[in-house]
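In: Using only what follows, build the 3D model:
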Amino acid sequence: MDPFWEHPDEFVKKSATEVVPWFPMREGVMDFEEIEKNSTFMELTETILGEDWINLYCMSMFSKKGTKGQAWHQDCPPENANQFNLNRLVYTHDITREIGGQVIVVPGSHKKGVLPTGEPHADIEGQVVLTPKKGNIVFLHGHCWHRVLPVEGAYRISTNFRAMPKDTPEEITDIAVYRNIRYRFSTNEVIEER
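Out: Model (predicted):
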């Protein structure tokens, strides 16, 4: 319930994001491979991304009670409409109002360019709240404006099997766009104040 916090304090403060990522398959924990290689899962991904799509990595995201979730962000820079990641979010328990941690998206925003500047957690016109249940999968374009609400219950977990279309750079998710910053994860630095 108290895992090691991977991100530097500057990122946590400026991004208004309190999620602990874990990359199980990078550590040799292959229990998640069954989901990643499920034929229906792969067929759905191909329908969305086209032939020769590429698996990126599996990342479980944990938030404990009292954390603020994730502020509005885009998982990759939106300047090139053809280069993006696809989040395939798998839920192993219900997300409820009592637990918190619902996903908020702005439908169609993956075609609207860069996330507008503003208060990291403030509502955006047209937003929709998603409340996934155990066994649900949410497919989310990396340019889509999205956030996660604060966690009120004991904890929240989702597992993200990231993928990308062919001819997309492998480091596509290295830079994320928030309402107040752009952040490069490989060097743990704010590369733009917004």
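In: For stretch 96-114, give the mean pLDDT please.
Out: In this model, stretch 96-114 has a mean pLDDT of 96.
In: buried ones in it?
Out: Neighbour-count burial for stretch 96-114, counted by 16 or more other C-beta atoms under 10 Å, picks out I99, G100, G101, Q102, V103, I104, V105, V106, S109, H110. Where you see a C-beta, it was placed from the backbone N, CA and C, and this is true even at glycine.
In: Kindly list the longest helix within this protein.
Out: Using DSSP state H, we find that the single longest helix of the chain is helix 39-49.
In: Pull the residues that contact that helix.
Out: By C-beta atoms under 8 Å, 6 or more residues apart in numbering, the residues outside helix 39-49 that reach it are I35, W53, L86, R88, I137, F139, F161, A163, M164, P165.
In: So which residues of this protein form strands?
Out: For the chain, applying DSSP state E gives strands covering 20-22, 54-64, 70-74, 86-90, 103-105, 128-130, 137-141, 146-148, 155-164, 175-178, 181-184, 189-193.
In: Out of those, which is closest to P120?
Out: Taking C-beta to C-beta, strand 70-74 is the member of those nearest to P120, at 3.5 Å.
In: quick one: average confidence on the closest one?
Out: Across strand 70-74, pLDDT averages out at 96.
In: Return the list of helices and strands in contact with it.
Out: Applying 3 or more C-beta pairs under 8 Å, 6 or more residues apart in numbering; DSSP states H and E, we find strand 70-74 packed against helix 9-15, strand 146-148, strand 175-178.
In: coming back round to it: determine how far the longest helix of the chain lies from the middle of the whole chain.
Out: A distance of 19 Å separates the centroid of the chain from that of helix 39-49, by C-alpha atoms, centre = their mean, to the nearest Å.
In: I'd like the buried residues of stretch 96-114 laid out as a markdown table, including distance to H146.
Out: Converted to a markdown table, the buried residues of stretch 96-114 look like this (distance: C-beta to C-beta, whole Å):
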| residue | distance to H146 |
| --- | --- |
| I99 | 18 |
| G100 | 16 |
| G101 | 13 |
| Q102 | 11 |
| V103 | 6 |
| I104 | 6 |
| V105 | 5 |
| V106 | 8 |
| S109 | 8 |
| H110 | 10 |
